[in-house]
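Q: sequence? don't have it. structure:
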């Protein structure tokens, strides 16, 4: 790990939520909270002034909502984008789709717990994107038609080794790296190496795209 902690800005209109997040993140040796904002406009000002590594943003905030904040900080028009992870109570499909379209590098539910919050920050810093397992299947339905009318171009499941296919299936089910490592009895580092190999072989950018690929190719069928 780098000797410089990840600098995090919290944006949430609830004082107790910000306090809880600060307690969780400041307890990690590789993270530090450098600022808090109770509304989106203040968060935007602080982000541009403090230049945090990551902004954790709620969706429903006064003055400027988290989706617009994400677009202004991480959207395709940003010359110096800031990593934004949306952390919210609301898991509506439109929110997930808009957040990711606006450049979010993660979408977590507050009820997912502190461990996923920590992993979400670390995943974002590693250039990955973490989605709460509760919404993974719905996200895939949004990204991929369940019955394509023509074969999907690009590599199929045969492009991967048996172990890589196992990992892709677990990613599509919303498993974290630690859960993948535990389930397959491998180290978290080995799981990360396999994920990197999958991304390189399939020319995908992150685990969200791996999950969408697994859905489209039929490697991971819809949950019943």
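A: That came in fine, so what should we check first? Everything numeric in this text was worked out from a predicted model, so none of it was measured.
Q: any chance you could read off phi and psi for residue 157?
A: Here is the backbone geometry of residue 157 (degrees, to the nearest 10): phi -60, psi -30.
Q: So what's the residue count around the nearest residue to it once chain neighbours are set aside?
A: With sequence-adjacent residues excluded and distances taken as C-beta to C-beta, 6 or more residues apart in numbering, residue 157 is closest to residue 219, at 4.8 Å. Where you see a C-beta, it was placed from the backbone N, CA and C, and this is true even at glycine. When neighbours are defined as other C-beta atoms under 10 Å, residue 219 has 18 of them.
Q: ditto for residue 166
A: Neighbours of residue 166 under the rule other C-beta under 10 Å: 17.
Q: how near is it to residue 175?
A: Look at residue 166 and residue 175: by C-beta to C-beta, to the nearest Å, they are 11 Å apart.
Q: And residue 95, by the same measure?
A: For residue 95 relative to residue 175 (C-beta to C-beta), the value is 22 Å.
Q: For the protein, name the helix or strand with the lowest mean pLDDT.
A: Least confident helix or strand of the chain, by mean pLDDT, DSSP states H and E, is helix 133-143 with a mean of 61.
Q: ok, the residue nearest to residue 157 touching residue 168?
A: Yes: with contact defined as C-beta atoms under 8 Å, residue 219 reaches residue 168; the gap is 6.0 Å.
Q: Could you name every residue contacting both of the two?
A: Residues touching both residue 219 and residue 168 (C-beta atoms under 8 Å, 6 or more residues apart in numbering): 157, 213.
Q: got any ranges where the chain has weak pLDDT?
A: Applying pLDDT under 70 to the chain flags the ranges 1-2, 133-154, 221-224.
Q: all strands in it, in order from the N-terminus.
A: For the chain, the strands defined by DSSP state E occupy 6-11, 31-37, 54-57, 83-88, 106-109, 130-131.
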